[in-house]
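Novice: below are the sequence and a predicted model for it; my questions follow.
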Amino acid sequence: MSTHNAQATKSKKSVPLDSKYALLGAILIAPTVLVFATVIVYPLVSAIYLSVFSIYTPTMEGEFAGFDNFSRLLASGEFWRSLWNNLVWTTGTLILQMTFGILVALMLHRNILFRSLARSLVLFPYFLSTVVAVLVWRWLFNDLYGVLNHVLMWARIIDMPVDWLGSMPNAMISLIFVGAWKYFPFVVIAVLARLQSIPRELYEAARIDGAGRFAQFRDVTLPQLRDVLIVIVLLRTIWDFKEFDLIYLLTGGGPVISTQTLPLMVYKEAFALNQMGAASAVAVLMMLIMLIFMTVYLRRTRD
Amino acid sequence: MNRHLAETKKCSEPECITRREVLRASAALGTAIAAAGVPEARAATTIRWWSTQSSPEQLAAYRYQIQTFEAAHPGVTVKFERTSDEGYAAQLAAAFAGGKVPNLVTHLPSFAVADYWNAGLLLPFDDVISSVGADKFLDGANRIYEMSPGAHAAAGIGHTAANMLWLRTDLMEKGGIERAPETWDELRAACRKMQGRGIYGAPLPYAKNSMTTLVIIGFIHQAGGQILSPDLDVAIDSDEAENALEFYRSMRELSPPGATSYSWGESLTAFVSGATATGLYAGRVLINVNLQNPRIADRITCTTYPTISRDVKPWTFNDYPSIFIPAAAENPEITKKFAAWLYRDEGYIRQVNATPGHVLPVLKTALADERYRDNEIVRRYPDEIERMSVAAAAGHNLGWETAGHKTNVRAGAIVNSGVLAEMVQRVVLNDENIRTVLADTAGRIEEIMKGRR
């Protein structure tokens, strides 16, 4: 009995095994939490904090402004125009990316000549630096020396060079097209990977049931691609919505603010107008818009 | 469990190194390396130099100045970093905000300097001016940088006549144009006569950038108007500004279609390549034509940009290329020495002669120096360089619109906001009512002047 009591006292004094494991778990997860807090929580809280101040960017000094930045933004036509441009750009380029991406993936899934080479080459725009890609496209679009105008004039489709980047709606159309060209390979990679894992038996069964090529695509391929397409749309929407470099380098948001999206507005407020508080307010509103979109999208595609 | 015991047993042997020991040793080694590296890093002094002017010829001249300075100051390294006319504002704002400022910044327009000085971001430059010799500078060269009596925020590293009218004499001859246009009507008529066979009249910018902003400021003054009154009240909503915008809109048909995206580079290239009959630029045209299109080298000339009528005097945009030191820069003393070094005769002459006529000298000693005149371009275009020098000396900009104006420390903010370029685009590209646009623009400038935007 006394031995039993001694053992019980000893076990009370020592740390239980569960607690040890809990402590070990906390220690092991600590670096992840720390990194998460540093790279996600801190910038997020910082942006929200800055958005309620009026701050001069070079000195990062300013005063508390409450919700002035938000109320001024929501009352300004520029914010709503930029949001509209953002939606037009994101929707337009996403539709083109998905269309090109699926078509090219279907083509590359077939047993065509030089398939490996074609699969490698199709990724080229995605790997190319945005700055280089934009420089190349700016030259193609150039009014005096650009190949595009030259070919169109040679083919007698146009009499005078077209201003592709400096007038509307050409600027937005050019932007959407270049965006689609740059990012459609991502869709190709993802769709092609999924296409290769669709069981052949499904197509055989469809053929036995008398399905033609289009019916096979509609009733077998598309349903099988559904999950991957949901993820692609989700990711590309996020990335396209916050696209900055391609738009900034290609049109700078012009003419006037016809192609200015919210990320460009953030940049303009922060570094052209030196209003870091207002820039943060735009960024916070962008985040809220994305959050609402994502919530609705994920709920609708849950099943 | 057995594996753990096996490992414990194995590592209890004397020659065995445990994981903990390896970690300790690594940490100790890392600390030792870091500790050893710190004094070495601190021993070397690096001066970071930013400039918006960085053509290959200019870089070669800078290299000479850097090498001679480094040779005279062992342990000091000068690192040149490019910025651009369109990009410096954002880059400097980020640098100031992050506390990672360059030691020395050159060739930024004077109105940018005033803005930074006003925010307490610059070091007084008087020591450098004294070191160079205040009497060596051209009279009034540094007046624009004198923020309060005796306190200079910067100094001029050169003069630039940014909006000269460049002309192709051969095309003028073909078009039967006997002399350089002096008024807008003459300019438009000349451009119409010279336009054709793939050549456009003028590469005027209609883009949303600083060039469009600076050019339209010039046009408003050439119409007899102003952006702000001498007391810095907004004065852009005027008949003169309306006339300027009307004329600017009428010139659209004489500019290349892509002029809606033109900045300094594209506008320069359009004239140099022969795609336009006239140009609007500073002296860089001379060296670029000689290097890139020598076929027209003897067929170009320049004059001040025409005005609305002969009653209105020409107005030249001189951005007063500056040199200044950010207050947060490390090693300010050696940086000041380097700043003064950039004015030393041989190096300074090489610097201004890298693009003759573009950045014109502000030192009397350089102007009098035979080495300055002993340059192929300077010898070949003496009249053009003289015209640019005279125009630049009488030049102004948004920071100091006329001799009667107060210094406008918000000029940089107005330029960077793009409000004037947007005004041009709204009138020319969107065909909006000029008076409405001018009223909106006046309101926006008012907000900027009050520091609200």
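Specialist: Yep, it's here.
Novice: got the contact list for the residue of the stretch 251-400 of chain B found nearest chain A?
Specialist: Minimum separation of the stretch 251-400 of chain B from chain A (CB to the nearest CB) falls at B:T260, amounting to 2.3 Å. Just so you know, the C-beta spots here come from the backbone N, C-alpha and C atoms, and that holds for glycine as well. Contact partners of B:T260, counting by CB atoms under 8 Å, 6 or more residues apart in numbering or on different chains, are A:D163, A:L165, A:G166, A:S167, A:G254, A:P255, B:Y206, B:A207, B:Q425, B:L429.
Novice: rerun that using 7 Å as the cut-off
Specialist: Residues near B:T260 by CB atoms under 7 Å, 6 or more residues apart in numbering or on different chains: A:D163, A:G166, A:S167, A:P255, B:Y206, B:A207, B:L429.
Novice: how about stretch A:73-82, does it reach chain B?
Specialist: No: Stretch A:73-82 stays out of contact with chain B when judged by CB under 7 Å from any CB of the partner chain, the minimum separation being 10.2 Å.
Novice: buried set for that stretch?
Specialist: Within stretch A:73-82, the residues that count as buried by 16 or more other CB atoms under 10 Å in any protein chain shown are A:L73, A:F79, A:R81, A:S82.
Novice: ok, now stretch A:85-93?
Specialist: For stretch A:85-93, a neighbour-count test (16+ other CB under 10 Å) marks A:N85, A:N86, A:V88, A:W89, A:T90, A:G92, A:T93 as buried.
Novice: with stretch B:108-123 instead?
Specialist: Buried-residue list, stretch B:108-123, by 16+ other CB under 10 Å: B:108-119, B:121-123.
Novice: which among those residues are in contact with chain A?
Specialist: Taking CB under 7 Å from any CB as the test, chain A is in contact with B:A119, B:L121 out of the buried residues of stretch B:108-123.
Novice: tell me the one among the buried residues of stretch B:108-123 nearest to B:I227.
Specialist: Using CB to CB, B:F111 is the member of the buried residues of stretch B:108-123 that sits closest to B:I227, with 11.3 Å.
Novice: distance of that closest one from B:V359?
Specialist: According to CB to CB, to the nearest Å, B:F111 and B:V359 sit 17 Å apart.
Novice: where does the stretch 51-200 of chain A come near chain B, residue by residue?
Specialist: Residues of the stretch 51-200 of chain A found near chain B (CB under 7 Å from any CB) are A:56-60, A:142-144, A:160-163, A:165-167.
Novice: make it 8 Å
Specialist: Residues of the stretch 51-200 of chain A lying close to chain B by CB under 8 Å from any CB of the partner chain are A:56-60, A:138, A:141-144, A:160-168.
Novice: quick check, central residue of chain A?
Specialist: Closest to where the C-alpha atoms of chain A average out (CA atoms, centre = their mean) is A:W239, at 0.9 Å.
Novice: so who does it touch?
Specialist: Taking CB under 8 Å, 6+ apart, one finds A:Y183 in contact with A:W239.
Novice: so it is in which element?
Specialist: Assigned by DSSP states H and E, A:W239 belongs to helix A:222-241.
Novice: not counting sequence-adjacent ones, nearest residue to the residue of the stretch 101-250 of chain B at minimum distance from chain A?
Specialist: Closest residue of the stretch 101-250 of chain B to chain A, CB to the nearest CB: B:K208 (3.7 Å). With CB to CB, 6 or more residues apart in numbering or on different chains as the criterion, B:K208 has its nearest non-adjacent residue at 3.7 Å, and that residue is A:G254.
Novice: from A:N170, how far out is the one you found?
Specialist: Counting by CB to CB - A:G254 and A:N170 are separated by 12 Å.
Novice: neighbour-wise, which of the two wins?
Specialist: For A:G254 versus A:N170, neighbours defined as other CB atoms under 10 Å in any protein chain shown are more numerous around A:G254 (27 against 17).
Novice: my read: that one touches B:Y206, true?
Specialist: No: in this structure, A:G254 is not within contact of B:Y206 by CB atoms under 8 Å, at 9.4 Å.
Novice: what is in contact with these two at once?
Specialist: Common neighbours of A:G254 and B:Y206 (CB under 8 Å, 6+ apart) are A:G166, B:T260, B:Q425.
Novice: was I right about B:K364 contacting B:K136?
Specialist: Yes: counting by CB under 8 Å, B:K136 is a contact partner of B:K364 at 6.0 Å.
Novice: with distance to B:Q53 and pLDDT added, can I get the buried residues of stretch A:85-93 in a markdown table?
Specialist: Output for the buried residues of stretch A:85-93, formatted as a markdown table (distance: CB to CB, whole Å; pLDDT from 0 to 100):
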| residue | distance to B:Q53 | pLDDT |
| --- | --- | --- |
| A:N85 | 35 | 97 |
| A:N86 | 36 | 97 |
| A:V88 | 39 | 97 |
| A:W89 | 35 | 97 |
| A:T90 | 39 | 97 |
| A:G92 | 40 | 97 |
| A:T93 | 37 | 97 |
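Novice: what would those look like in TSV with secondary structure?
Specialist: Below are those laid out as TSV (DSSP: H, G, I helix; E, B strand; the rest coil):
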residue	secondary structure
A:N85	helix
A:N86	helix
A:V88	helix
A:W89	helix
A:T90	helix
A:G92	helix
A:T93	helix
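Novice: quick one: which of the residues you listed is nearest chain B?
Specialist: Closest to chain B, out of all of the buried residues of stretch A:85-93 and judged by CB to the nearest CB, is A:N85, at 13.8 Å.
Novice: was I right about the closest one contacting A:V256?
Specialist: No: counting by CB under 8 Å, A:N85 does not reach A:V256; the two are 11.0 Å apart.
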